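1. Next one to model:
(chains A, B, C and D)
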Amino acid sequence: MDIILNTLITLSALGVVLAVILFVVAQKFKVIEDPKIDEVEACTPGANCGGCGLPGCRGFAEACVKAETLEGLYCPAGGNEVMKEIADVLGLTAEEKEPQIAVVRCNGSHDKRRKTTTYDSALSCAVSATLFGGDTDCQYGCLGLGDCVEVCTFDAIYIDEESGLPIVDEDKCTACGACVTACPKDIIELRNKGKKSRRIYVSCVNHDKGAPAKRACDSACIACNKCVKACPFDAIVVENFCAYIDYEKCKLCRKCVEVCPTGAILELNFPPRKVKVENTETSEIEN
Amino acid sequence: MLKTFPKGGVHPKENKFSAGKPIETIELPKQVSIPIAQHIGAPAEAVVKKGDQVKVGQLIAKSGGFVSTNIHSSVSGTVLKIDNVLDTSGYKKTCIIIDVEGDEWLDSIDKSTELNTNIDISVDEIRNKVLDSGIVGLGGATFPTHVKLSVPLGKTCEYLIINAVECEPYLTADHQLMLEKADEIMVGSQLMQKAIGANKILIGIENNKPDAIKIMSEVAKKYENIEVSPLKVMYPQGGEKQLIKALINREVPSGGLPINVGCVVQNVGTAFAIYEAVQKNKPLFERVVTVTGTSLSKPCNILTRIGTSTIELIEAAGGLPEDTGKVVSGGPMMGKALSAITVPVTKGTSGVLIIPAKKSSRPKTYNCIRCGRCMNVCPMGLEPYKLKNMCVVKMHEELQAERILDCIECGSCAYTCPAGIPLLDYIRLGKANLNKILRSKKS
Amino acid sequence: MLNQMKEETIMNNLKNFTKGFFRENPVFILLLGLCPTLGVTTSAINGLAMGLATTFVLIGSNVVIALIKGLIPDKVRIPSFIVVIASFVTIIDLVMSAYVPALYESLGLFIPLIVVNCIVLGRAEAFASKNTVFSSLIDGLGMGLGFAFALTLLGGLREILGSIAIFNWKIFEGIARLINPATDYTQPDGILVFVLAPGAFFGLAYLIVLMKKISK
Amino acid sequence: MAINKLTVSMSPHDYGKYSVKKIMSGVVLAMIPALLVSVYYFGFDAIRVNLIAIASCVFFEWLFQKIFIKGKLTINDGSAVVTGMLLAFNVPSNLPWWIIVIGALVAIGIAKMTFGGLGNNPFNPALVGRVFLLISFPVQMTSWPKVSVLNFAMTDAQTGATPLAIVKEGLKNGESYSSIMNSMPHEYVDMLMGNIGGSLGEISAVALILGGLFMLFRKIITWHIPVSIIGTVAIFTAILYGINPETYASPVFHLLTGGLMLGAIFMATDMVTSPMTGKGMLVYGVGIGVITVLIRVWGAYPEGVSFAILIMNAVVPLINNWLKPKRFGETIKK
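-> Numbering: from 1, shown residues only, chains lettered A, B, ... in the order given. As a prediction, the model looks like this:
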C-alpha cells in the first residue's frame, strides 16, 4: 500500500511542478512555422539538384510558400506534374512549361573526327579546355572526358565507349542543367523535349569556315545554308559558320535533315522514312 | 653563401645543351603567320588587309587598349590573308599571314651594330618608343612593357631589377644574349631606369652561368649604379617575387605588384629589345629562341623572326628526331606543349624543347601519401595537395582563403610529387574558376 | 472483400513484425540504442538478456501508449511516454533482480538505462502514437526481437573471438570433452581485445558492413 | 613532318626522381641492417616472422582491394611490404604464425584498407596491428626469447624480460635504480648492439640509426621527427634522473632500450600519418617523446612508444591545420 501511495504522491507532485514549468516555457517560446513548407517539400523530387537555382528542395519549397505567384519558380527535375501538385497545395496556379531535355550538340565520334594529338593530363574536360582546343583538329567539339557525367545527379548521361561522346538517357534526364554549366565547350543545350520526344537539332558547334571544319570532322556543320533555304518556318539561322535550329519555331518537318550534306542535323525518335530509305539504297547500288 | 629565396624551390637537372652556342640567324621562312594576340591584355587590331605590301618593321596591328601593344611585320612581302591559325595556346587564333618576298627593312631602322650609349632622351620619348615598338616582357609572361614602365602615381621605385636568372632548365637564350650583347643590355637597362626613375639597377644571374656573370660584371663597371649579383641555382628564382626576395630580401605582399616594394623587374631580353627600339628605332619583330632537347642533334640559339613556323627552327637545329613525343614552347617547367609543330613563334617564345616519346608521358600516379613534399617546395608557401583536393570538389571560397591566387604556377609541386599527382592541372583550373567567380561578383 | 482486407492486415502485421530483423533493424540499420549495444555485449547471453529485457519494455510501452494515445495531449506526449517507459523499466528491473541476480549483476546499470534507450522512445513516438494497439504490439515485438537478435549476434561474435566460447560453452574445450570426457585440455585465451570496449566498436562496425552487404 | 601524334599535357614537363615505389623500397633497404641483427640474435625465427608478416600483409592488401575497394591494384607500390616488415619488427620472434596473420589482418584490413588504402589511413597500420596484438595476446606478446648468437637450431629458446620490464618491475618492488642496474645482465654496449631481449627489430640501436641515416641521406625522411622524439625523451628523462637517480632510470638507458629508436626512426616518420611541415613535425615529435616517457615512468606498461605514436597520429590533422607553412608575402600587409 505504501508503494502505491508513494508513487502516487511523487508522480503527482512532479506532474504539477513540471506542468507549470512546461506552461511557462510553452508561452515564452512560441514558434509558428508554416506547415505548408513541409507539404510542398514532400511534393518535390528531393534530389537537391539545384536545377531550380535555389539551395536544394527545401529552399525551393520555402520560396514557393513565400511567393505570391508561382511565376518564375519551376522545378525542372519534377516537371509540370510536380508544379501542379505544389500549386494545388498552395492554391495557386503553376505555369505550364514545355518539358525539356539536355542535348549534346556534337556528333564527332572517334571515326568521324581524327585524333591529331595525345592528351596526357588530368582527366577532366575543364582542365583539358584550359590547355588546348582538344586532341582533334576541331577545337569546338566534345572532349569526351566526362565532366558532364560527373555532375549529373540522376545518372542520366554517360560516355559511349565506341564514339567517345556523351549520351543522354531520355528517361532519366530531368533537364536540371547541371551538365550545361559543366561543359567547358558549351556543347550541351537544354531543348524542348518535343512531341513523343521527337527532336531535330544541329549536332555541331564548329565555328570554323566550311573547309577547315570539314577537314576536322566528317559530320561538321559547314555553313552551306542549304538547311536555311529548306526550312519553311524560318527556324534555322547560320551564325559564325554554324547553323542553329530554334526549337520554339521548329515544327519537326524534317526537311533540313534531308538536305544536310554532312549529316550534322540529327533527328531523334522519328519513325523511319520508308520512301527515302529505298531511294538511298538504290542509289548506293547504282554507285 | 650565395643569395637565393629562402623557402621552397626545386633543382631540376639543368641540361643546358645549347649553352655557349653563338646566336645564329636562319634563312628567312617562305611564309610567316603573325598572331595578333601575342601579349597579355586586349589583342591588337589588324591595320593591314589582304593584298597589302608590307616591309620589315611595318606596323600591321595596332594596340587594342592600354594593356595591349603594337605588332609589326617581321618580313617584307604581301599579306596573303587574315585567318585563324593554331597558335601556342592550342586554339585557333587570328593571324596575319604574310608571303615573304625579299628582305626589305623600313628606312627608319638603324641596321648598324654600332653601340649607342647616349641615353639623353626624355622619359616620354622612351615610353612612346617602347609602346610604338610593341615591346613586351620577353621572359615568357609577355606583359606589355610600356605599362610596367609607367610607375603609378604615389609610388616610387628604388630598384630596377634585371632578371637574368634563366632558372628554367634547357633554356640558354638569355645566357647567350648576355655573352654577346652585354653593352646593349646595360644601355637598355639604363633607359628603363630613367623611365621609371629607379636609383639602382640590380642584375640577378644564377651561378651556373659563370661566363655571363664575369662579362656582365666587367661591363657593369663602365656604367653607374649597376650591380651584378650571382645567385644560387634554384628554380623558380626567375619568378618576379622570388627574385626580389633573393636580391633585396623584400616580400611582395599577397596580391600585390613588385612596385609595392619599390621594384620593377624586367627580363634581360626586354632590356636588349628596348635598346634596339630606342637607339636603333627597331620594333620588336625578332627574338632569340633556344631550340634544344636531349634527342636533338644540334641544339642551338637562333635569332628568329616572329611568325616563323616552329618546324623551321627545329629543322635548323638538326631536324625533328624520330622518337619525338612532345614539343614544348618554352622551358620544361612552365612551357606549353604544342599540339602541332606548325605553330608560329611569338614574342613570348623563349625556347622550343623537344622531348622524346618515352619521357613525354606523365609518371604513374599513386595515392597521395601525404609526404608534404609539395608543400615544402612551394615557393609561395601554399599547400598544393590541399588546393588540388579543394579544386576537385570546387570549394572556391575556401580556395580563396587558402590563397590559391598567389600560386605562380611554377610547377614545383607537380615536379616533386612522388605519387605523380597532377597537382598543377587542378590548381590552374581552380584558379581560373575562382577568377571567373570573382569577376562576375565584381560586375 | 472482407477476406482481402483481412489478408492485408495480416500481411501488414507480418511486415511490421519482420522489418525489425533486417530492413529496419534498430542496431544495424537505424543505429539506435548503441549505448547498451556497445556496453553489454561481452557475451551472447548478456546480449540476449539485454535484448529480451528491452523487448519486454518495448511491448509494454507500445501497447500502453497505443491505448492511451487519444488521452495524451500532443504537447506533453514526451513526458507521458517517458513515465510509461520508466514504469516498465522499473518492473523489469525488479523482476530481474529477483529471479536472475547473476545476470542482473552483470548487466548492471544498463537495465535502468533502458529508459533512455532511443529505440523505446523512438517506437513510441514514431509508431505506437499513430497506430492501433495490436499493430503496436506486433511492432514492439518485432523491433524488440530484432534488437535482441542484433545484440546476441554481436555478443556471440565477441564471445567467440574474445574467449572462444558461445553461450559460455568453451568451444575447443567442449569439443575435447565430447570426444574424451576425461581430458584435461584447457583451451588458449581468445583475442582479448574483443572482450574489451574497443572490440565492441570493431565488431559492430563490421557487422554493419556485413548487414549492408546482405540487405542489398 | 610529324611522325607521331604529339603528346599534349600541362606543364611541368619534367619530373623529379622520387616515386612512391622508390620511397618504399628505400625504407625497406634502410630496415635491412636491423633485420640482419635480428637474424644474428634470433636465428631462423626472425626470418620466419618477417616472411609470414610480409606475405600476409601483401595478401590481405590484395584481398581487400579485390573485394571492397575495387580500384586499380595497389600492392605493387610496396607499402604493404613496408607495413609487413614493420609489423614483424614490432613483435617477439617466437610469436605463433596465426597471431602474426591476425596482426597483419588488423594492420592492413582495419587500419589501412578500411580507410581507403595507402594515404588515407589516419593511424600507422603496423602499429595498430602491433597494439591490437599487444592488447589481445598480452602473454604471447610479452614473452621475449632470450637472445643467443646465431642460434639456428630451432630449439625453443628460453624467454626473458626486456631491460625496460626488468627496471619497471624492480622499481615497483621498491628497489633502487642503481641496484637494479647492477643486477641487470646487460651492459649499455649490449643495448647498442642488440644483445638484449625485446621485439625482433628494436633490439639494436646502432642498426636502426644506420638505417635512419640512410633514409636521411636518401631524403626519404627529414631530421625533425627522430631528433625531436629522441631529444624530448633524453631531456625529460634527464630532468627526472637529475631529481632522483634512485627512482628514475637514466636517459641513456631510456634511449637505448625498448622500441624508442625503432619508433622514432621508422614508425613515427611514416609520411601518411605524420605532419607535413617541419614545425608540425617538431610538435608531433615532442608530443610522442613526452607521452612515451609518461607511459614508461608512470603508466601500467613498461613500454609506451607505440601508444604515444598512435595518440599523436590522431592529432596530426589538427597539427596540419594549425601549423601551416608561412605564406609568401604574408608579413607585409597594406
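2. Quick check: which element contains residue D:31?
-> Residue D:31 is part of helix D:20-42 when elements are defined by DSSP states H and E.
3. And for residue C:78?
-> Here residue C:78, judged by DSSP H and E, is contained in helix C:77-99.
4. moving C-terminal of that helix, what's the next helix or strand?
-> Criterion used, DSSP H and E; the element after helix C:77-99 is helix C:101-107.
5. elements contacting the helix or strand that that next one is followed by?
-> For helix C:101-107, the succeeding helix or strand toward the C-terminus, using DSSP H and E, is helix C:118-123. When contacts are defined as 3 or more C-beta pairs under 8 Å, 6 or more residues apart in numbering or on different chains; DSSP states H and E, helix C:118-123 sits against helix C:44-68, helix C:77-99, helix C:133-163. For glycine as for every other residue, the C-beta is placed from the backbone atoms N, C-alpha and C.
6. go with 6 Å
-> Secondary-structure packing of helix C:118-123 (3 or more C-beta pairs under 6 Å, 6 or more residues apart in numbering or on different chains; DSSP states H and E): helix C:44-68.
7. now the helix it packs on and helix C:133-163, what's the angle there?
-> When axes from the mean of the first three to the mean of the last three C-alpha atoms, to 10 degrees is applied, the directions of helix C:44-68 and helix C:133-163 differ by 160 degrees.
8. Helix C:44-68 packs against which elements?
-> helix C:34-40, helix C:77-99, helix C:101-107, helix C:118-123, helix C:133-163.
9. Can you tell me what sits against it?
-> C:36, C:40-41, C:84-85, C:88-89, C:92, C:103, C:106-107, C:114, C:120, C:123-124, C:128-129, C:133, C:136-137, C:140-141, C:143-145, C:147-148, C:151-152, C:155-156, C:159, C:166-167 (C-beta atoms under 6 Å, 6 or more residues apart in numbering or on different chains).
10. rewinding a little: pLDDT averaged over the helix holding residue C:78, what's the number?
-> Mean pLDDT, helix C:77-99: 90.
11. For ChimeraX, write the select line for the buried members of the contacts of helix C:44-68.
-> Here is the ChimeraX command that selects only those of the contacts of helix C:44-68 that count as buried (16 or more other C-beta atoms under 10 Å in any protein chain shown):
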select /C:36,40,41,84,85,88,89,92,103,106,107,114,120,123,124,128,129,136,137,140,141,143,144,145,147,148,151,152,155,156,159,166
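12. sorry, back to before: wait, does the helix holding residue D:31 contact chain B?
-> Yes: on the criterion C-beta under 6 Å from any C-beta of the partner chain, helix D:20-42 is in touch with chain B at D:20, D:23.
13. What average pLDDT does that helix get?
-> On average, helix D:20-42 scores 91.
14. for that helix, packing partners?
-> helix D:79-89, helix D:205-217.
15. all strands for chain D, in order.
-> D:6-8, D:144-145, D:159-160 (DSSP state E).
16. looking at the ones you listed, which is closest to chain C?
-> strand D:159-160 (16.7 Å; C-beta to the nearest C-beta).
17. Mind listing the strands that closest one pairs with, and their directions?
-> strand D:144-145 (antiparallel) (DSSP bridges).
18. Nearest to chain B within the stretch 51-200 of chain A, name that residue for me.
-> Counting by C-beta to the nearest C-beta, the stretch 51-200 of chain A gets nearest to chain B through residue A:132 (2.4 Å).
19. make that chain C, sorry
-> residue C:209 (21.5 Å).
20. Return the residues in contact with residue B:299.
-> B:17-18, B:292.
21. actually residue A:113, sorry about that
-> Here residue A:113 is in contact with A:136, A:138, A:217 (C-beta under 6 Å, 6+ apart).
22. which among the residues you listed end up buried?
-> A:136, A:138, A:217.
23. which of those lies closest to chain C?
-> For the buried ones among the contacts of residue A:113, the nearest to chain C is residue A:136 (41.6 Å; C-beta to the nearest C-beta).
24. what are the bridge partners for that closest one, then?
-> residue A:115.
25. separation between it and chain D?
-> For residue A:136, the distance to chain D equals 11 Å [C-beta to the nearest C-beta, to the nearest Å].
26. sorry, back to before: Throw the buried ones among the contacts of residue A:113 into a markdown table and include pLDDT, thanks.
-> Below are the buried ones among the contacts of residue A:113 laid out as a markdown table (pLDDT from 0 to 100):
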| residue | pLDDT |
| --- | --- |
| A:136 | 85 |
| A:138 | 86 |
| A:217 | 88 |
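27. so what's residue 270 closest to, chain neighbours aside?
-> No chain in the question, so chain A it is. Closest residue to residue A:270 in three dimensions, ignoring its sequence neighbours and counting by C-beta to C-beta, 6 or more residues apart in numbering or on different chains: residue A:198, at 5.5 Å.
28. meant chain D actually
-> Nearest to residue D:270 is residue D:124, by C-beta to C-beta, 6+ apart, at 5.0 Å.
29. pretty sure that neighbour is touching residue D:274, no?
-> No: applying C-beta atoms under 6 Å, one finds residue D:124 not in contact with residue D:274, separated by 8.8 Å.
30. one step back: tabulate the contacts of residue A:113 in a markdown table, adding columns for distance to residue A:255.
-> Shown next, in a markdown table, are the contacts of residue A:113 (distance: C-beta to C-beta, whole Å):
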| residue | distance to residue A:255 |
| --- | --- |
| A:136 | 30 |
| A:138 | 27 |
| A:217 | 24 |
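31. Would you mind writing the CA trace of the longest helix along chain B as CSV?
-> Once chain B is assigned using DSSP state H, the helix that runs over the most residues is helix B:423-442. Extracted in CSV, the C-alpha atoms of helix B:423-442 (Å, rounded to 0.1, in the frame of the first residue of the first chain):
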residue,chain,number,x,y,z
LEU,B,423,48.5,18.9,-58.8
LEU,B,424,49.1,21.9,-61.0
ASP,B,425,46.5,20.9,-63.5
TYR,B,426,43.7,21.1,-61.0
ILE,B,427,45.2,24.2,-59.2
ARG,B,428,45.2,26.0,-62.5
LEU,B,429,41.6,25.0,-63.1
GLY,B,430,40.6,26.1,-59.7
LYS,B,431,42.4,29.4,-60.2
ALA,B,432,40.6,30.0,-63.4
ASN,B,433,37.2,29.2,-61.9
LEU,B,434,37.8,31.4,-58.9
ASN,B,435,38.9,34.3,-61.1
LYS,B,436,35.7,33.8,-63.1
ILE,B,437,33.6,33.9,-60.0
LEU,B,438,35.4,36.9,-58.6
ARG,B,439,35.0,38.8,-61.9
SER,B,440,31.3,38.0,-62.0
LYS,B,441,30.9,39.2,-58.4
LYS,B,442,32.5,42.4,-59.2
